[in-house]
Structures are given as structure tokens and as C-alpha cells.
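1. Fold the stuff below for me.
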Amino acid sequence: MPEISRRNALQIAGAAAITPAATLGATPAQASAAPPVIEADGIRLAAQADGSILVGDGADRIKLTHFMIKDSVLGQQRTFGGTPSLVTVDGRPAIQVDYVMSASAQAVKVRGTFTVAARRARLRWEVSGSTTLTPTGYMFARTLLAPSAPERYVPATKWARDPRGGVPYEVNDGALYQETWSDTQAYFRLAKTTPAFTNASWIHAPAGADGVTDVELVLGAMRPAAANALGAGAPLSVDVWSEQPFGLYDSAAPMAIKAQVVNGAAGSRPVRLTWWARDFDGRQVGGGTLDRTLAPGAVWDETFTVAGAPQGIVFTEVRAVAGTDEVFARTNLATLKEHAYRPEGRFGIANYTWMLVPDKESVGRLMTRIGVKTVRIAYDGAPGLSPAELDALGIPHNVQLGGVIFNGTAEQITKWADEKAAIARASGARYFEVANELNQPWMSGQKAAEYVRDGLKPIYDRLHGSGIKLMNCGLGGMDVNWTANFHKAGGWPLIDVFAFHPGRGNFTPDYAPPPSEWQQGENGTYWNFLGALREARRTLDEHGGGKELWLTEAYACTRPNRWWNDNHRQAAENTLLTLALAVSEGVDGVNWYQPHDSTIHHPQEADPNNPEYHFGLLNRDTSVKAALLAYATATRTLEGARFTEWMTFKNQQVKGLRFDGFAILWTREDGYLLNADHGADPWYPHTEAWVDNWPTKTRVTLAAKGAYVRVVDCIGRETRVPVKNGRVTLTLDGAPRIYYGLC
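-> Numbers count the residues shown, from 1 in each chain. Alright, predicted model coming up:
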């Protein structure tokens, strides 16, 4: 049974001690004046005469120097040194520092109190003396001593189950700043922080409801989840991950997940570890149960291996139980065949690839592997892969820039347009999408004329003839009223591309009501895909000018347990059908929104209630969603494909798109509404990704050629159906599948 050594222990128990001054080489007289030192197993805090705190574990690692307050009257004020002293907290020795403030903030009092336990320290700052404090703006300063890697922000999450049912989901469980040396790590754990406010000097550390800033500093060679559990005082924790980037393996390769269990309790106890792995059809392809007795602070590491399919996805869960404590974690594994893509293509990514996890090279390889042929936003200084890096990968790139100053002065508009045009030129962009979704409120028609005057026309004047094609601001939905006003204001001749975002709610992508039937509202039929796309095509044909049609955001949102949004299986099916329908309507470009679940301001945090966190092809932990395999299946099938016709059948609920060389078939026997049995509550129990959502199976017999028809499902798995006497019998349902060999 592995237990952690002094260097990397996760001991919960362990008494703090004062290091006698004599051991520091001080005389008795000097000892009484020496700054205090406290230590516990694997950690040592030594106060300095200036009030800073040196943190080490046999080697000096971190120096804690200053604290910064924010005050609505005084502004930002920081400490300038302080006086350390030895105090007692809960019967244990502690270091207290009374800080010195600037002359303009003498009324403000800042006191720091620092305690230690095994492998961790509690850092506590209390601020008083002002009635106008802004605790959300507090920060502390740290200096890292000879680190081997830059600091890394790591959101901490944990898995939860809704007692009403549905699928499990992640919730936030604090935040970590990871510091790294060649032989160990340290983690600052906070309940909340905004990483955008943190910099090389200061960590954003807002106070809690009690006005006190509490930070746990955990020291040891451990994974972030273990450090977070230790810092949070969790009695049991489990972490699961794949060391393969994105959990994505080569075709048929064996796949592995790693699990780490930490006993955070004060005593030894038996722990049971149970795991399972299921494929897209729900078959269990791995699993088992193991038992161990873990000492306090002990860790249990296991690796589980699953056989890989030629192409497919495996969903995994690891659960740890000790007494009444139960925790679990999930991740996905997948295999993807190699494919030689065409040099040009119409499919891309809408949001820039800003979250470079695990690293920039891996993200770049993934984009090329799934057929990304354009990135919506890339310029020097933007987050993510730079234009030069995308060029090296052979991925063309565009820009989308906003900030249009409505009714601004001539000087303001000139400055804005000059800056944005210069960025577009310098980036090497092929297309410039001038702003984003300015048609709000939807269908109101507001500000179309102002947009043409203050935004689009100034950019046109600067870039016309440059070779950069201009797009209107990508519209949220196919807003016919805004588009009519845009045309009336003279915007149509200024664009080369009409761009919009055909949002979709709980409707299948082929649901196509006409604009006269669109209902407004957050859950209205305005947010349909094919009806909006056809109206966009009709508009282009009506107004003419040879404009391209781009969907600069298309998506399949997987916000958990909401009837308006797709479950993970629906998202995969709808990704394939969405892209096929786009090709059938002659779309010139589709940018999928977005590469990964997250938002740029809170990367890799969890928020189950916010749809903005759930648009990715990758999960929050960057493991593959089934939708990513569907995207790759679509790009590999549809790039270069020529659409020929909508197929017709005696049974009108059978639907089909015919392309040169293949067809895509499905049915609507079960209707166009997803999660149709929902109630008034937005909550709805999503089914797991391996559960078939289509109860009605329809048998059709069609003309075919060859010995068999090859069938490819939405995630790229292939099967064969034999042909007899030139006929093949297929079983169809609401899931689109690709068929090769039909006549």
C-alpha cells in the first residue's frame, strides 16, 4: 500500500512545531528577537524581519511579500513590510504579521495569520479600519524561487449527481495556482479567483462573506485534484485522467485511464474502487472492483486499460467509497482513423483556439486531425494559435473584430476603423467579419443603418481592394428584419459574404418552419437551423451580387439536463446532420462553435447552468466528446462532396440527402422535437450518451449495387449490410447515417 514520503505526503494529521531559535544559530539574546519559524511534516514557514514569509520544504520555494486591498475611496493600496510575531491559533503556534500601510491609508489595518499542518499552510489576511473596502479586489504577492515552469491556473471541479436524475455533471470546487519545480509542486488554493486579474506579481484573492481572505498553500509532488482535496479538507477524493492528449488514440490502439484516490481522513480505513467503461452502444468494455485499506494521507494510483476500436468512443467512470464517503469522476477515451484531407475546405472553428491545453502543439495537431480548415479569429496578440502558427499548420484564418462606436465622433470612428483594418491586414486574414451579433434585440431591426454607417462602411473604405473579403456582423439567428434594414441602408454592396448564426434549440437540424411561423423568446422557434438557412439562401438569391454564405457559428450545445439543449448523443447526431444540411444548401463556410467547453474568462471552470460553457467539441477536461468524432466524420465525408438532391420515399417520414457517391438517410417517425416530453421546468433528465433516443425503427428496402452497402454512423463506426438481388434492407431511425452503395 503506497504512502507518501515526507516530500510528497498528503498527511492530514501532524502537529506544527516552532523551530527553536538556537537551531538557527542564534544566541539566547538573539533568539528572543529572532523572527518566528513554524513547521510541520514537509513544510516550513519562516518569517523575515520585513514581514515577508519564506515557504520551504528543505529548499526555499516561495516568498510571500505583500497584500493589496481595494477601497472605493482610497483605491488600490498595498502593504509595505510588517512586523512578525509568534501567536497561538487553536492551540498551535502561528505566525502573525501586522502590516504597514502607506501614508494615505493609515486607517486601514491588515493582519496576516499563517498556520501549518502536514504539507500545507493556511494563509489568512484580515482587513479592517475602513467602511468603503471592496473585498472582491484583494490580492496577495508571491515570489517564486527558481521554478522550473511558469505558474499555471487550474480550476478545481468535482462531479455531482442531481437527486432528480439525469446525467451527472461537474461543479466548481475552488481554484488552484500551480507552481512547479523539478522535484515538486505547490498549489495556492482559493475558493474563488479571477485568473485575468492575476499577474506575475499578484494573485487575485477576494475575501469571503466574512471579509477575510483565506488561502490554502499545499506543497508536494501530487496532482492538482489531490492538492485541492487536501486544501479543502475533503475526507476522500478521486481523480481520473488520460495521459494521451484529449484521450484521443490512433485507430484500434489500446487506451488507458489513470485514477488516483486520496484518503483525506484522519485515520486508516478500507476503500473500495469501482470502475466501468462503456462504448457508444452501451456495451461494457471494461470494469471491475478493487479494495484496499489506506492509511491517513495515503494515495492509491491505478491504471485501467481498454481495447480500442477502429474508431469510436468509450465513456468511463471511477468511483471510490469509504464508509459513508463516496466520490466519482468521469472522462472519455476515443479512437480516430487517419485521414488525408484536401488542402482546402469549408469547415472550421468559430472561436479561436485559445485554451492551449495540454500544449500548443497538441491543440494544433488535433485541429488538423479533425479537418479544421479555417479559424474564425486569429491575429497577433489574440489568445491561442497565432497566424504564423496556423500558417505552419496549413489552416487559413480570418478575423472578427468588434467595438463599433455607434454615433461616435468622426475622430472616434476614424481611430477605431484604422486600428481594426490594420489588425486585419497584419494578420493575413482572408475574411474580416465586422463585429458580432449586433442585431439584438432579435428581429427588432434596430441599429442596422447605424452599423452600416459607423462600422461597415469605414472598414470597407479602408480594405476595399485589399483582397480581404468583408462579412457583415454574424447575425444571431436569421434576423429577416435586421437584414431588410441593412439592405435598405446600403450595406449589401459593401459585403462579400453574408454571415449568420443559425442557433438551434430542441429541434432537429432539419426542422424548417418558415419565418412567418417563427416565435420569439429564449426558447422560441426562431432558433431553428434549416428554416433559417433556407431563408438566408432565399435572401441571397433575392438581393444578388454573388455573395458567399457563411455560418460563422454553428453548434450543438450540451448543457446538462436542460430540455432546450442536446444530450451528448443528440449532439453527435446533430453535428453530422447540421454540416450535411449546410452543404446541401450550398454554404461556402461553416465555423463550429467551439473547440472546447469553457469560456475565455473562466477557462476550464465548470458551470452546469450556463449554456456558454457547453458548446465545445471537447469536454471541460479536454477529453473528446462524441460530437468531435461526428465533426471529423462530417469533414471527412463532406469535404469536396457534391450535393445532388433530396431523396423521396413512399414513406414521407423517411428523409435523405443524396451526394455524389453516398447518401445520408434518417427518419422523422418520432418527430422533429427533441426531449419532447419535457414540462414547464427548464430541467430535464438527459439520458446518457450511450442510450438510443429513437424508439421507432423503420425498415426500408432500396436498390443497391455491389455485394454490400457500407454504413457509417455519426461517430464514424462502419458496418456492412449485404445486398441481395440488387436490393438492400436498412433499418432507419432519427439518427442520420451515411450509406455507400445505394443506387
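
2. Low-confidence stretches in the protein?
-> 1-33 (pLDDT under 70).

3. what's in contact with stretch 278-295?
-> Outside of stretch 278-295, the residues within contact range by Cβ atoms under 8 Å, 6 or more residues apart in numbering are 1, 3, 261, 263, 268-277, 300, 302, 304-307, 309, 312-316, 322, 569, 626, 688-691, 713, 715, 717. (C-beta placed from N, C-alpha, C; glycine too.)

4. buried set for it?
-> 278-280, 285-286, 294-295 (16 or more other Cβ atoms under 10 Å).

5. Inside helices: which ones of these?
-> With DSSP state H as the criterion, helices contain none of those.

6. Which of the residues you listed fall within strands?
-> The strands, defined by DSSP state E, take in 278-279, 285-286, 294 from the buried residues of stretch 278-295.

7. picking that back up, out of the contacts of stretch 278-295, which are buried?
-> 261, 263, 269, 271, 273, 275-277, 300, 302, 304, 306, 309, 312-316, 322, 569, 626, 689-690, 713, 715, 717.

8. that older thread, could the ones in strands among the buried residues of stretch 278-295 be laid out in JSON lines, adding distance to W492?
-> Output for those, formatted as JSON lines (distance: Cβ to Cβ, whole Å):
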{"residue": "R278", "distance to W492": "52"}
{"residue": "D279", "distance to W492": "50"}
{"residue": "V285", "distance to W492": "55"}
{"residue": "G286", "distance to W492": "57"}
{"residue": "L294", "distance to W492": "69"}
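
9. nearest to D621, of those?
-> Among those, R278 lies closest to D621 (Cβ to Cβ), at 17.7 Å.

10. Just list whatever residues bridge to that closest one.
-> Q284, F315 (DSSP bridges).

11. how much space between it and T316?
-> Here R278 is placed at a distance of 8 Å from T316 (Cβ to Cβ, to the nearest Å).

12. circling back to that earlier point, and which of the buried residues of stretch 278-295 is nearest E389?
-> For the buried residues of stretch 278-295, the nearest to E389 is F280 (33.3 Å; Cβ to Cβ).

13. The closest one and C714: what is the separation?
-> F280 is 9 Å from C714, by Cβ to Cβ.

14. Which neighbours do those two have in common?
-> A626.

15. Which of the buried ones among the contacts of stretch 278-295 fall within helices?
-> Going by DSSP H, the helices hold 569, 626 from these.

16. So which of the buried ones among the contacts of stretch 278-295 sit within strands?
-> Per DSSP E, these map to strands at 261, 263, 269, 271, 273, 275-277, 300, 302, 304, 306, 312-316, 322.

17. Doesn't C557 belong to a helix?
-> No. Counting by DSSP: H, G, I helix; E, B strand; the rest coil, C557 is not part of a helix but coil.

18. if we can go back for a sec, which among the ones in strands among the buried residues of stretch 278-295 gets closest to T635?
-> D279 (22.6 Å).

19. what about V218, helix or strand, and which?
-> Secondary structure from DSSP states H and E places V218 in strand 212-219.

20. Run a quick neighbour tally on A556.
-> Neighbour count for A556, taken as other Cβ atoms under 10 Å: 29.

21. Does it touch A627 like I think?
-> Yes. Contact status for A556 versus A627: in contact at 5.7 Å, counting by Cβ atoms under 8 Å.

22. Can you check which residues contact both of those two?
-> Common neighbours of A556 and A627 (Cβ under 8 Å, 6+ apart) are 571-572, 575.

23. I only care about the residues you listed that end up buried; give me the ChimeraX line for that.
-> Buried residues among these (16+ other Cβ under 10 Å), as a ChimeraX selection:
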select :571,572,575
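
24. got the shared contacts of A556 and A627 as CSV, with secondary structure columns?
-> Below are the shared contacts of A556 and A627 laid out as CSV (three-state DSSP):
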residue, secondary structure
A571, helix
A572, helix
T575, helix
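
25. Can you tell me which of the shared contacts of A556 and A627 is nearest A499?
-> For the shared contacts of A556 and A627, the nearest to A499 is T575 (19.9 Å; Cβ to Cβ).

26. so who does the closest one touch?
-> 556, 592, 627, 630-631, 634, 714.

27. show me the residues around the closest residue to it other than its chain neighbours that make contact.
-> Setting aside the residues directly before and after it, T575 is nearest to A630 in space (Cβ to Cβ, 6 or more residues apart in numbering), at 4.0 Å. Taking Cβ under 8 Å, 6+ apart, we find A630 in contact with 571-573, 575-576, 714-716.

28. any idea whether A630 is helix, strand or coil?
-> Taking three-state DSSP, the label given to A630 is helix.

29. what about it, distance to L336?
-> Distance from A630 to L336, by Cβ to Cβ: 11 Å.

30. repeat for P387
-> 27 Å.

31. that older thread, closest one to Q604 out of the contacts of A630, please.
-> A571 (19.6 Å).

32. which residue packs closest to the closest one, ignoring adjacent ones?
-> Per Cβ to Cβ, 6+ apart, closest to A571 is A556, 3.8 Å.

33. surely T731 meets R699?
-> Yes. T731 lies in contact with R699 (Cβ under 8 Å); the separation is 5.7 Å.

34. what about those two, which has more around it?
-> The residue with more neighbours, out of T731 and R699, is T731; 12 against 8, by other Cβ under 10 Å.

35. Check which element follows the helix or strand where that one lies along the chain.
-> Element membership for T731 (DSSP H and E) is strand 727-732. Using DSSP H and E, the helix or strand that directly follows strand 727-732 along the chain is strand 737-740.
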